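Colleague: Compute the structure for the input listed below.
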Amino acid sequence: MKQLPHKGSAYNELVGGQDFIALDIETTGVRATDTTPGCLRLIAIALVCVRNGTRRNEFHWLVNPGVPVDAASSAYNGITTDDLNEAETVTQVLARLNRVLNTYPVAPIVCHNSGFDIGVLREEYERIDQTMPDRLVFDTMRIGARLEIDEIPRQPKLTALVEHYGIADNTVTGEGARLQKALKDARDTADVLLWLVAEAAESEVGTWTRFVTVAAPEAAQDVRASYPGRSTRSLVPSVPGDHYAAVHTHRLIYPTNEDEANDWADEVGACVKLRCAFIGEKVTLEAEHETELLPLTTALFATCDQPGMVGTLLGGLRPMLTMLDKATAREWWKANHSAINNAPRCTPESACPSCVDDHPCPQDVTYQLVTERAVEYGAVKLTSRQSRNDLFKPGHYRKMDTWPRAGMTDMAAYMMWLVIGEYTHQGNTNRAREVLAQCVTRGFHLIEPRLARAVAEYWAEQRRYDEVETMVAAVLETTTSDPAYLALDMWLHQSFRPSLAASQHGRKRERINQTELKRKPSPMELRPPDRSHAYRYRVYKSG
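Modeller: Next up is the predicted model:
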């Protein structure tokens, strides 16, 4: 274990006058049913209030969730259903939590893995038709990486940090100790944050404002929920047992007639209504006949009036869409993008197979596949003269401008991202930035997260920091299941903000050093009166 940081004057200056509230919860799992998704329910909550680097008030409440405590949760936290029979309800305990937060109106909350604790609490507030108080949330799981502490892994467990810093055993003793695991973890979280503050002080983070900048806390309403059941929150659809035997056990025989093709499309439609996970398998078997069958399956968009249906259909159509030539791909998206974008979106209770499996929803990302087909030039590169003249060379009748006029701005933006990627791969940075400037002029970076990140990185190099924050925040407000949004969010919090904080600190040190040089020179350093040269007098050794 490395030598512990010194809790000296720099540390005391950081924690002096600062309050924070360490928070930890315990939960029980509730399985999904045919009508409700799986969730976690609050069964215990602990708070440790810290002022000036010292733990002060502590609170611990058990919660009756109204459901039995599952065996796995009891084995982990020691709390059983019988322990909660006389406990207060969620409404009563959250009212207690609100009173504590009101007592410390500006104190941030500190959690270890805030996505779990805040995610569950936020849903408990929503369950009783209330809104969780908005408060800054520090996450001790991520601060170590943001401080660039080599000995701490990127997402350490709380127990690992307790061991790393040699924190004393905070286990609760006495009556009811078995039920107070949350209080022990809240104490550990508070102590870990104080050691991280000490690390920051040693790395010359001199003020609390600077520490906040480096630690990058989030507002409670913005913390991304990341607890078990949340990433797979969508319900698996209920598909009748005879559906597979009736629909998925036979193929078309070619040549086929119109009636047989229509019957096949009706079977695909049955998969769409049921949100059947085997729709892709059925379409794949006939994908080579996409010229004949694609119009029939595309017509099913008109029937997609319930959440999850259009995502299911698009997932099934993927094998056929990958075979489109560029002209057909352009026309297909032009004809169908409005129906796709305006269709009801997936919900936890009614989701397409991709959302159930926690993959990007086809309703969010199909435009990317179609765009790749629409700009396919075989061996001809996107940066060739032929491609530039067709796609993005400034002037009239380029796809860069004509596609947005037809409502296909998402397709145009992704196409420009592909072009920039090819220039970057070739090492032609200047041309890539020229194209990027065209994207900014047309606002493409506000709808395509990959372009948004490229623009943000370029602006960060130009020190246009406020513009980066404003632009990225606007893009993230439109977040979908496209993983590029998560990548943009991670870049903002794990790369841009820490780098910005480090550079600002460096400039501050430089100003301090320059100030130190402005001292009164000694007599030896002064220029003699009989010398008129512009340089300070120096004494040289005689030869």
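Colleague: which intervals of the stretch 51-200 of the chain have sub-threshold pLDDT?
Modeller: Counting by pLDDT under 70, the ranges of the stretch 51-200 of the chain that qualify are 154.
Colleague: and what of the chain?
Modeller: Under the criterion pLDDT under 70, the flagged ranges of the chain are 1-3, 32-38, 154, 226-234, 378-379, 395-397, 494, 502-543.
Colleague: domain ranges for it?
Modeller: Using automatic domain parsing, the domain parsing of the chain gives 9-222, 234-359.
Colleague: Can I get those domains in TSV including mean neighbour count?
Modeller: Backbone N, C-alpha and C define where each C-beta goes, glycine included. Shown next, in TSV, are the domains of the chain (neighbours: other Cβ atoms under 10 Å):
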stretch	mean neighbour count
domain 9-222	18
domain 234-359	17
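Colleague: Throw these into a markdown table and include distance to Y423, thanks.
Modeller: Output for the domains of the chain, formatted as a markdown table (distance: least, Cβ to Cβ, whole Å):
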| stretch | distance to Y423 |
| --- | --- |
| domain 9-222 | 32 |
| domain 234-359 | 20 |
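Colleague: Minimum distance to D482: which of those has it?
Modeller: Smallest distance to D482 across the domains of the chain (Cβ to Cβ): 10.9 Å, for domain 234-359.
Colleague: Which one, of the domains of the chain, ends up nearest to E469?
Modeller: Across the domains of the chain, E469 has its closest neighbour in domain 9-222 (11.7 Å, Cβ to Cβ).
Colleague: For that closest one, what is the distance to the chain centroid?
Modeller: Relative to the chain's own centre, domain 9-222 is displaced by 20 Å; criterion: Cα atoms, centre = their mean, to the nearest Å.
Colleague: swap in stretch 239-246?
Modeller: Offset of stretch 239-246 from its chain centre (Cα atoms, centre = their mean): 38 Å.
Colleague: all helices for the stretch 351-500 of the chain, in order.
Modeller: 353-356, 362-374, 385-391, 399-405, 409-425, 429-442, 449-461, 465-476, 483-491, 497-517 (DSSP state H, counting those that start in this stretch).
Colleague: mind putting those in TSV, distance to G29 included?
Modeller: Below are the helices of the stretch 351-500 of the chain laid out as TSV (distance: least, Cβ to Cβ, whole Å):
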stretch	distance to G29
helix 353-356	18
helix 362-374	29
helix 385-391	51
helix 399-405	47
helix 409-425	38
helix 429-442	45
helix 449-461	33
helix 465-476	30
helix 483-491	25
helix 497-517	34
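Colleague: Most tightly packed of those?
Modeller: helix 353-356 (a mean of 25; mean count of other Cβ atoms under 10 Å).
Colleague: Distance from that helix to the middle of the chain?
Modeller: Counting by Cα atoms, centre = their mean, helix 353-356 comes out at 19 Å from the chain centroid.
Colleague: Contacts only, for D185.
Modeller: 24, 46, 112, 158 (Cβ atoms under 8 Å, 6 or more residues apart in numbering).
Colleague: of all the residues you listed, which comes closest to A452?
Modeller: In terms of Cβ to Cβ, no member of these lies closer to A452 than H112, at 30.5 Å.
Colleague: Assign a three-state SS to A46, would you?
Modeller: strand (DSSP: H, G, I helix; E, B strand; the rest coil).
Colleague: Please look at it and N57 and confirm they touch.
Modeller: No - counting by Cβ atoms under 8 Å, A46 does not reach N57; the two are 11.5 Å apart.
Colleague: Look up phi and psi at E26.
Modeller: Dihedral pair for E26: phi -120, psi 150, per degrees, to the nearest 10.
Colleague: Please report the distance of it from A343.
Modeller: Relative to A343, E26 is positioned 40 Å away (Cβ to Cβ, to the nearest Å).
Colleague: go on, A327?
Modeller: Distance, A327 to A343, by Cβ to Cβ: 25 Å.
Colleague: for L285, same thing?
Modeller: L285 sits at a distance of 26 Å from A343 (criterion: Cβ to Cβ).
Colleague: Then H112?
Modeller: 40 Å.
Colleague: how close does the spatially closest residue to H359 that is not a sequence neighbour sit to N430?
Modeller: Excluding its sequence neighbours, the residue lying closest to H359 (Cβ to Cβ, 6 or more residues apart in numbering) is S481, at 7.9 Å. S481 is 35 Å from N430, where distance means Cβ to Cβ.
Colleague: cool, and I25?
Modeller: Here I25 is placed at a distance of 53 Å from N430 (Cβ to Cβ).
Colleague: coming back round to it: return the residues in contact with the residue nearest to H359.
Modeller: Here S481 is in contact with 355, 359-361, 364-365 (Cβ under 8 Å, 6+ apart).
Colleague: Looking at those, which one is closest to R96?
Modeller: Closest to R96, out of all of the contacts of S481 and judged by Cβ to Cβ, is C355, at 36.5 Å.
Colleague: And the strands in the chain, which stretches?
Modeller: Under the criterion DSSP state E, the chain contains strands at 19-30, 39-51, 54-64, 88-89, 109-111, 136-139, 218-219.
Colleague: can you put those in CSV and add distance to F392?
Modeller: Output for the strands of the chain, formatted as CSV (distance: least, Cβ to Cβ, whole Å):
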stretch, distance to F392
strand 19-30, 51
strand 39-51, 47
strand 54-64, 58
strand 88-89, 60
strand 109-111, 46
strand 136-139, 42
strand 218-219, 37
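Colleague: Identify whichever of these lies nearest to T291.
Modeller: Taking these one by one with Cβ to Cβ, strand 39-51 is closest: 46.2 Å.
Colleague: M400 and R442 touch, don't they?
Modeller: Yes - assessed by Cβ under 8 Å, M400 is found in contact with R442 at 7.3 Å.
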